[in-house]
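K.L.:
Return atomic coordinates for the entry below.
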Amino acid sequence: MAKDKLETRRVYLRALTDNDASPLYAEVTASRDLLKRRLRWVGGVQSEQECRVFIEACEKDATVKVWGIFEHKEDRLVGVAAFQGMGDDKRAQAEIGFWIAVDRQDKGLGSEVGRVMIDYAFRKLNRHRLQARIDPANRSFRKVLKKIGFRYEGCLRCDQRLNGRWIDQECWGMLKSEWKK
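P.N.:
Residues are numbered from 1 along each chain as shown. Just a heads-up that it's a prediction; the model follows:
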């Protein structure tokens, strides 16, 4: 679990706690139709207790950093952000991912979250490379990745099994040397 708090003008990212299980479950439930098309773990979150289990698992896993995304204005949980694949320091890479609640999308929050995460990864975590893998149908996340400076690197055909079918994964990447400080 991520210990550092990251902030932008409109949102802050902080480690999820047990107290966040209820709002996390509410946001997952409200965004379920969208999220289940993109994230494997969503199908396994059917209660607040399962959100607690998710939060506890994130706390114990040294290869991930997970934050809740909170809006300053209402101090409301509006999503989750994460780095995965943090276990191999020799490669100095991480996979970035995040989701924003359905009712808060298309307001520029994704770009803010992405930028603060990139800055943290390159400055604080000393990562050399970031990558994102996305469903080709996820046009909104692709738009955010382009906006914050990621480059399209290719498509992994039938790379992941989700909801009983094989889906492609687009690969997007950014090198530390490409990040506009």
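
K.L.:
show me what contacts the residue most central in space within the chain?
P.N.:
Geometric centre of the chain, nearest residue: Phe98, 2.1 Å, by CA atoms, centre = their mean. Contact partners of Phe98, counting by CB atoms under 8 Å, 6 or more residues apart in numbering, are Ile69, Gly79, Val80, Ala81, Ala82, Gly110, Val113, Gly114, Met117. Where C-beta positions appear, they are placed from N, C-alpha and C, glycine not excepted.

K.L.:
same thing but 6 Å
P.N.:
Ala81, Val113 (CB atoms under 6 Å, 6 or more residues apart in numbering).

K.L.:
That one pairs with what?
P.N.:
With DSSP bridges as the criterion, Phe98 is bridged to Ala81.

K.L.:
do the same with Ile167
P.N.:
Beta-bridge partners for Ile167, by DSSP bridges, are Gln160.

K.L.:
Next, work out how far apart it and Ser22 are.
P.N.:
According to CB to CB, to the nearest Å, Ile167 and Ser22 sit 31 Å apart.

K.L.:
and these two? which has more neighbours close in?
P.N.:
More crowded of Ile167 and Ser22, by other CB atoms under 10 Å: Ile167, with 17 against 13.

K.L.:
quick one: the more buried one and Cys158 touch, right?
P.N.:
No: here Ile167 does not reach Cys158: they are 7.2 Å apart, not a contact under CB atoms under 6 Å.

K.L.:
so how many other residues sit close to Ala132?
P.N.:
Neighbours of Ala132 (other CB under 10 Å): 22.

K.L.:
Pull out the buried positions in the helix or strand harbouring Lys146.
P.N.:
Element membership of Lys146 [criterion: DSSP states H and E] is helix 139-147. Within helix 139-147, the residues scored as buried using 16 or more other CB atoms under 10 Å are Phe141, Arg142, Val144, Leu145.

K.L.:
I'd say Ser31 and Val102 touch.
P.N.:
Yes: Ser31 lies in contact with Val102 (CB under 6 Å); the separation is 4.5 Å.

K.L.:
what touches both of the two?
P.N.:
By CB under 6 Å, 6+ apart, no residue touches both Ser31 and Val102.

K.L.:
Could you check which of those two is surrounded by more residues?
P.N.:
Applying other CB under 10 Å to Ser31 and Val102 shows that Ser31 carries more neighbours, namely 21 against 16.

K.L.:
residues in contact with the more buried one?
P.N.:
Residues in contact with Ser31 (CB under 6 Å, 6+ apart) are Ala101, Val102.

K.L.:
where does it fall, phi/psi-wise?
P.N.:
phi -110, psi 10 (degrees, to the nearest 10).
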